[in-house]
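1. Have a look at this fold, sequence not included:
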Ligand SMILES: Nc1ncnc2c1ncn2[C@@H]1O[C@H](COP(=O)(O)OP(=O)(O)O)[C@@H](O)[C@H]1O
Ligand SMILES: [Mg+2]
């Protein structure tokens with residue numbers, strides 16, 4: 001009996017013209033490096049709105065820098081790469097930038113926008129999370145120590161008024177001194193990091209019952225009325241949550257960027273999206289997402305994904321924001337927090353310390369990119 005080849009189906013797999021998909025476009029754009037960096041623009045999370053139809057591609061690039069040269073260079077590099085893709089006839093690249101043109105200095109405050117910049121502090125970065133217990137303070141404390149070890153002048157401001165855990169995690173809890181004359185609070189120091197926390201100002205364990213405006217005022221003073229000196233970075237550990245209270249805090253403090261800490265599970269529930277929305281509402285560039293408690297390695301070496309897998313990375317890709325890294329569950333991390341010696345300090349050669357350093361480097365890269 002004659003065997004019949006389903007001709008139609010064979011032809012269907014070989015279309016007459018190759019049509020690139022949005023993923024093909026994104027893949028190709030990975031060849032474009034951010035001017036002056038070894039990292040590509042896709043992993044930096046600045047490629048937005050890729051559309052492709054009938055051989056016409058349109059891509060928009062969102063810059064937080066107002067530098068016109070960077071914009072021009074990126075536009076032409078992207079066009080070159082896009083036009084080289086099979087099946088692309090026309091490529092339209094739109095680069096979106098904040099106003100300011102060539103004159104804008106990196107990190108300079110935009111007139112009439114946001115709170116006053118703190119003198120001497122180069123970059124203020126907020127660390128946020130959807131709820132408590134996801135490891136926001138752990139990440140803040142270890143990133144601060146990692147940045148200090150990398151030679152940065154760093155301050156850590158614990159704004160978690162209701163549950164300040166930085167004094168415990170960094171192993172200091174004293175009443176700060178006050179400077180003569182201008183009466184500024186002198187930050188405490190631990191592991192090379194300058195620290196200020198509500199915990200230092202409270203009597204024992206008395207609960208804090210504060211009205212919103214009082215909290216704002218105190219936090220504003222924590223940035224402006226603390227004798228921070230010259231800092232490359234001030235990390236701000238925000239209270240957990242991404243609601244109105246946190247949003248107002250973001251408006252109180254002159255922020256240069258925001259980091260969101262999540263567990264894989266929280267990310268999959270859309271909590272990260274709320275954090276992103278919060279920062280966007282106040283025009284704070286999102287420096288990236290850190291996924292904490294990503295997995296646990298059992299004594300036999302088996303990888304156990306307690307809270308699911310890859311939520312943070314998937315959500316970062318969906319939202320077009322950078323993914324800074326994933327931190328597994330390690331007993332040493334919890335122990336370091338309880339002993340006042342972050343794992344980056346207590347076990348500098350351990351795997352968790354190495355991962356925190358990697359995240360710190362990614363964060364520094366993002367800060368440079370967001371400032372242009
Ligand atoms: N990756 C991790 N591995 C092990 N324990 C962790 C990890 N991240 C956080 N923890 C522990 O979980 C608890 C909550 O972390 P914490 O940083 O205080 O969370 P948050 O500031 O978000 O409330 C702490 O006891 C901390 O030591
Ligand atoms: Mg905390």
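-> Done, it's in. Here the structure is a predicted model, which means the values were calculated and not measured. Numbering: from 1, shown residues only. Ligands and ions are numbered 1, 2, ... in the order given.

2. what number of residues lie near residue 189?
-> For residue 189, the neighbour count with other Cβ atoms under 10 Å is 13. Every C-beta, even on glycine, is put in place using the N, C-alpha and C of the backbone.

3. pLDDT of stretch 237-250, averaged?
-> Taken as a whole, stretch 237-250 has a mean pLDDT of 86.

4. what's the span of it, first residue to last?
-> End-to-end distance for stretch 237-250: 11 Å, by Cα to Cα, to the nearest Å.

5. How far does that stretch sit from its chain's centre?
-> Remark: stretch 237-250 is offset 15 Å from the chain centroid, using Cα atoms, centre = their mean, to the nearest Å.

6. Same check on stretch 282-302?
-> In terms of Cα atoms, centre = their mean, the centre of stretch 282-302 is set 11 Å apart from its chain centre.

7. what mean pLDDT would you report for it?
-> 91.

8. From the contact counts, what lies against the host helix or strand of residue 356?
-> Here residue 356, judged by DSSP states H and E, is contained in helix 351-371. Judged by 3 or more Cβ pairs under 8 Å, 6 or more residues apart in numbering; DSSP states H and E, helix 351-371 is in contact with strand 121-129, helix 136-149, strand 257-262, strand 286-297, strand 323-329, helix 343-346.

9. can you list those in TSV and add distance to ligand 2?
-> Output for the helices and strands packed on helix 351-371, formatted as TSV (distance: least, Cβ to the ion, whole Å):
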stretch	distance to ligand 2
strand 121-129	8
helix 136-149	3
strand 257-262	9
strand 286-297	12
strand 323-329	15
helix 343-346	16
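
10. Output these as TSV; include the columns distance to residue 188 and mean neighbour count.
-> Below are those laid out as TSV (distance: least, Cβ to Cβ, whole Å; neighbours: other Cβ atoms under 10 Å):
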stretch	distance to residue 188	mean neighbour count
strand 121-129	17	24
helix 136-149	13	27
strand 257-262	23	28
strand 286-297	25	24
strand 323-329	26	22
helix 343-346	16	23
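
11. Would you format these as TSV with distance to ligand 1 included?
-> Shown next, in TSV, are the helices and strands packed on helix 351-371 (distance: least, Cβ to the nearest ligand atom, whole Å):
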stretch	distance to ligand 1
strand 121-129	5
helix 136-149	3
strand 257-262	7
strand 286-297	5
strand 323-329	4
helix 343-346	9
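
12. In a markdown table: those, plus distance to residue 30.
-> Below are the helices and strands packed on helix 351-371 laid out as a markdown table (distance: least, Cβ to Cβ, whole Å):
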| stretch | distance to residue 30 |
| --- | --- |
| strand 121-129 | 26 |
| helix 136-149 | 27 |
| strand 257-262 | 23 |
| strand 286-297 | 17 |
| strand 323-329 | 14 |
| helix 343-346 | 31 |
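
13. Could you list the low-pLDDT ranges of the stretch 151-300 of the chain?
-> Scanning the stretch 151-300 of the chain for pLDDT under 70 picks out the ranges 203-213.

14. redo that, cut-off 80
-> Under the criterion pLDDT under 80, the flagged ranges of the stretch 151-300 of the chain are 161-162, 202-218, 220, 245.

15. Could you do the stretch 1-150 of the chain as well?
-> Using pLDDT under 80, the flagged stretches of the stretch 1-150 of the chain are 1-18, 36-38, 54, 64-66, 98-117.

16. about what we covered before: okay, buried residues for the helix holding residue 356 please.
-> 352-353, 355-357, 359-360, 362-367, 369-371 (16 or more other Cβ atoms under 10 Å).

17. and residue 273, what does it touch?
-> Listed by Cβ atoms under 8 Å, 6 or more residues apart in numbering, the contact set of residue 273 reads 315, 319.

18. between the one helix or strand it maps to and strand 286-297, how many degrees?
-> Per DSSP H and E, residue 273 falls inside helix 271-281. Calculated by axes from the mean of the first three to the mean of the last three Cα atoms, to 10 degrees, helix 271-281 forms an angle of 160 degrees with strand 286-297.

19. part of a strand, is residue 48?
-> Yes: under DSSP: H, G, I helix; E, B strand; the rest coil, residue 48 sits within a strand.

20. how many other residues sit next to it?
-> 13.

21. How about it: which residues does it bridge to?
-> Legend: beta-bridge partners of residue 48 under DSSP bridges are residue 60.

22. where does residue 162 fall, helix, sheet strand or coil?
-> Under three-state DSSP, the three-state class of residue 162 is coil.

23. Which residues are in contact with residue 191?
-> Contact partners of residue 191, counting by Cβ under 8 Å, 6+ apart, are 144, 145, 148, 170, 171, 341, 342, 345.

24. mind redoing it with 10 Å?
-> 141-142, 144-145, 148-149, 154, 156, 170-172, 340-342, 344-346 (Cβ atoms under 10 Å, 6 or more residues apart in numbering).

25. what about residue 150, neighbour count?
-> When neighbours are defined as other Cβ under 10 Å, residue 150 has 13 of them.

26. Please tell me how far it sits from residue 193.
-> Distance, residue 150 to residue 193, using Cβ to Cβ, to the nearest Å: 12 Å.

27. and what of residue 160?
-> In this structure, residue 160 and residue 193 are 16 Å apart, going by Cβ to Cβ.
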